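Trainee: My questions are about this predicted structure, shown below with the sequence.
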Amino acid sequence: MEGNLNLTLKIWRQKNASVAGKFETYQVSGISTDMSFLEMIDVLNNRLIEEGDDPVAFDHDCREGICGMCSMYINGRPHGPNRGVTTCQLHMRSFQDGETITVEPWRASAFPVIKDLVVNRSAFDRIIAAGGFVSINTGNAQDANSLPIPKEDADDAFAAAACIGCGACVAACKNASAMLFTSAKISQLALLPQGKVEAAKRAEAMVAQMDEEGFGACSNTGACEAECPKGISLENIARMNREYFSATFSSK
Amino acid sequence: MAWLAKSLNSSLGKKLLMAITGLFLISFLLVHCSLNALIFLNDGGVAFNEGAEFMAHNPVIRSMEIVLFAGLLLHIVDGLRLWLENKSKRPVAYAVVDGAANSKWYSRSMGLLGTLLLLFLILHLKHFWYFSRLTDGLEDHTLYAEMQAVFMNPVVVVVYVLGCVSLGYHLLHGFQSAFQSIGWNHPKYSPTIKTIGAIFSIVIPAAFAAMPIAFYFHLIQ
């Protein structure tokens, strides 16, 4: 087929968390440039299954860029060479015929490998469970205009809430830091009146859990922001710092 | 005060310490560079030696010198601790990393740049701080004369210029990064902070680097 791609894939294979993994090299041919990266892996897996081999395990769910499951570190970058996309929204037209593509799992001690490219991201769930919620009674749904929320704050909160918890920030960070994720989850609530009430307690609890899970500190390199498929801003990390240090002095 | 220790020991707190000590060291650089720039008056070191004499004997300055060393030590220890801890968070390294695609090399190399600066600083303290504080150097001949003597060695001049280059890149990231760590990221201020940071990171190290060069090539007498 004219224009289709023949590629060499170097994929990380690892049976489970307790054994060491290694790269395996695979050849795939006739890959349509209209395929998504995941569909290309599907083609490889179909062949592996037909040949009686173990298919490559990888996380995926919605395949429309909003669930955050497809964690693949492709050619040295989370979700591959394009900005603002997840792996399912990365298409094979972004690659050249004959290219060698290296695919690795997210690498962080807080994200242990379950199998091959699948990592355990439940550390994020525990950070949310530590304080990423509103537990006060906010009453019935009110008329929207009666809530004293400036448009700018609503927009900032919404932009922070766009975080899909994919973990690309951790994968991109040289320190495997989860600051962008945690700060987005703290911000989306701290910016709104319903969330402000428990803001101090929340910031302290979520940061403590983040450290407990074994994520690194922030070097402000900005790699997370650049690689985030949802464009979460570094301003959230600064806001988290403000929230946390004001909580240090004000919380009871 | 356990609450404060706990906060400063968190991942955010360690960065706050880096930021505060870093900004303090930046303020020191400004004073140090301004005073040293007196050599460019080319008056045979008269004004510079007067400044050096004042700095060596004024009790307020001498007290601040202790605070300065404490701040420097805190910056170094906290930095090394962050470097070691951060390194341990990714036990299995990536086979391929395209860091240039998402960040500046010097922002990812603050530990390396800081280590180079520390090595330079040990040499620098031996050259001039040891001379002016711990020996009778100032009685025998002036600090200006000592600078003239030290900077006759081309190897020393090259090491000093390289030290200034490390300082420049360290500041280029560190200056604006310190404000982010404190939480000062705001559309009204951040562009100005970044601009001032970039100018500071170029002008101060360039002025410092010009000093050994000027002495070596006898541009100042």
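Mentor: Cool, got the structure.
Trainee: Buried residues, stretch A:79-88. List them.
Mentor: Judged by neighbour count using 16 or more other CB atoms under 10 Å in any protein chain shown, the buried positions of stretch A:79-88 are A:79-80, A:85-88. For every residue, glycine as well, the C-beta is placed using N, CA and C.
Trainee: Kindly reformat the residues you listed as CSV containing pLDDT and secondary structure.
Mentor: Shown next, in CSV, are the buried residues of stretch A:79-88 (pLDDT from 0 to 100; DSSP: H, G, I helix; E, B strand; the rest coil):
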residue, pLDDT, secondary structure
A:His79, 98, coil
A:Gly80, 97, coil
A:Val85, 96, coil
A:Thr86, 98, coil
A:Thr87, 98, helix
A:Cys88, 97, helix
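Trainee: residues in contact with the residue lying farthest from the centre of chain B?
Mentor: Using CA atoms, centre = their mean, the residue of chain B lying farthest from its centre is B:Ala95. It sits 34.1 Å away. Counting by CB atoms under 8 Å, 6 or more residues apart in numbering or on different chains, B:Ala95 makes contact with A:10, A:12, A:23, A:102, A:104.
Trainee: Distance check, the first one against chain B.
Mentor: Counting by CB to the nearest CB, to the nearest Å, the gap between A:Lys10 and chain B amounts to 8 Å.
Trainee: beta partners of that residue?
Mentor: With DSSP bridges as the criterion, A:Lys10 is bridged to A:Thr25, A:Thr102.
Trainee: quick one: least confident helix or strand in the chain?
Mentor: Looking at chain A here, since you left the chain open. Ranked by mean pLDDT, DSSP states H and E, the weakest helix or strand in chain A is helix A:193-196, scoring a mean of 92.
Trainee: hmm, I had chain B in mind actually
Mentor: helix B:137-140 (a mean of 64).
Trainee: re the thing from before, flag every buried residue along the least confident helix or strand of chain A.
Mentor: Quick answer for helix A:193-196 (16+ other CB under 10 Å): A:Gly195.
Trainee: Mind checking what helix or strand follows that helix in sequence?
Mentor: helix A:199-212 (DSSP states H and E).
Trainee: and that next one, what other elements does it pack with?
Mentor: Where contact means 3 or more CB pairs under 8 Å, 6 or more residues apart in numbering or on different chains; DSSP states H and E, helix A:199-212 is packed against helix A:122-131, helix A:179-190, helix A:235-250, helix B:11-36.
Trainee: Pick the most deeply packed of those.
Mentor: helix A:179-190 (a mean of 27; mean count of other CB atoms under 10 Å in any protein chain shown).
Trainee: tell me the angle that one makes with helix B:11-36.
Mentor: 110 degrees (axes from the mean of the first three to the mean of the last three CA atoms, to 10 degrees).
Trainee: ok so, going back, would you mind measuring from the residue farthest from the centre of chain B to A:Asp116?
Mentor: 14 Å (CB to CB, to the nearest Å).
Trainee: again with B:Tyr160
Mentor: From B:Tyr160 to A:Asp116 the distance is 52 Å (CB to CB).
Trainee: ok, now A:Asp211?
Mentor: For A:Asp211 relative to A:Asp116 (CB to CB), the value is 29 Å.
Trainee: Compare the two and say which is more crowded by neighbours.
Mentor: A:Asp116 (23 against 20; other CB atoms under 10 Å in any protein chain shown).
Trainee: Would you check that the more buried one makes contact with A:Gln14?
Mentor: Yes - counting by CB atoms under 8 Å, A:Gln14 is a contact partner of A:Asp116 at 5.8 Å.
Trainee: list residues touching both of these two?
Mentor: A:21, A:105.
Trainee: circling back: okay, the residue farthest from the centre of chain B: pLDDT?
Mentor: Confidence at B:Ala95, expressed as pLDDT, is 97.
Trainee: Can you pull the phi/psi pair for it?
Mentor: The phi and psi values for B:Ala95, taken as degrees, to the nearest 10, are phi -80, psi -40.
Trainee: Equivalent analysis for A:Leu191, please.
Mentor: phi -80, psi -20.
Trainee: any idea how far stretch A:121-130 is from the chain center?
Mentor: On the basis of CA atoms, centre = their mean, to the nearest Å, stretch A:121-130 is displaced by 13 Å from the centre of the chain it belongs to.
Trainee: quick one: average pLDDT of it?
Mentor: Mean predicted confidence for stretch A:121-130 is 98.
Trainee: what's it in contact with?
Mentor: A:71, A:106, A:110-111, A:165, A:167, A:178, A:181-182, A:185, A:205-206, A:208-210, A:213-215.
Trainee: what does stretch A:211-222 give?
Mentor: Here stretch A:211-222 has contacts from A:108-110, A:123, A:126-127, A:170, A:173-179, A:234, A:237, B:10-12, B:14-15, B:82, B:85-86, B:89-90, B:102-104, B:107-108, B:110, B:173, B:176-177, B:180-181, using CB under 8 Å, 6+ apart.
Trainee: what do you get for stretch A:5-21?
Mentor: A:22-33, A:40, A:44, A:56, A:92, A:95-105, A:112-117, A:120, B:95.
Trainee: Low-confidence bits of chain A, can you list those?
Mentor: A:1-2 (pLDDT under 70).
Trainee: how many other residues sit next to the residue of the stretch 1-150 of chain A found nearest chain B?
Mentor: The minimum distance from the stretch 1-150 of chain A to chain B, using CB to the nearest CB, falls at A:Gly76 (3.3 Å). Neighbours of A:Gly76 under the rule other CB under 10 Å: 19.
Trainee: and what of A:Asp59?
Mentor: Neighbours of A:Asp59 using other CB under 10 Å come to 21.
Trainee: On the three-state scheme, it is what?
Mentor: State at A:Asp59, reduced to three classes by DSSP: H, G, I helix; E, B strand; the rest coil: coil.
Trainee: Could you measure from it over to A:Trp106?
Mentor: 10 Å.
Trainee: Look at A:Gly30 and give its secondary structure.
Mentor: strand.
Trainee: residues in contact with the nearest residue to it once chain neighbours are set aside?
Mentor: Among residues not flanking A:Gly30 along the chain, A:Asn4 sits closest, at 4.8 Å (CB to CB, 6 or more residues apart in numbering or on different chains). Contacts here follow CB under 8 Å, 6+ apart; on that basis A:Asn4 touches A:29-33, A:97.
Trainee: switch to 7 Å and redo it
Mentor: A:30-32 (CB atoms under 7 Å, 6 or more residues apart in numbering or on different chains).
Trainee: what residues does chain B put near chain A?
Mentor: Counting by CB under 7 Å from any CB of the partner chain, the residues of chain B lying close to chain A are B:3-4, B:7, B:10-12, B:14-16, B:82, B:85-86, B:89-92, B:94-98, B:101-103, B:107-108, B:110, B:177, B:180-185.
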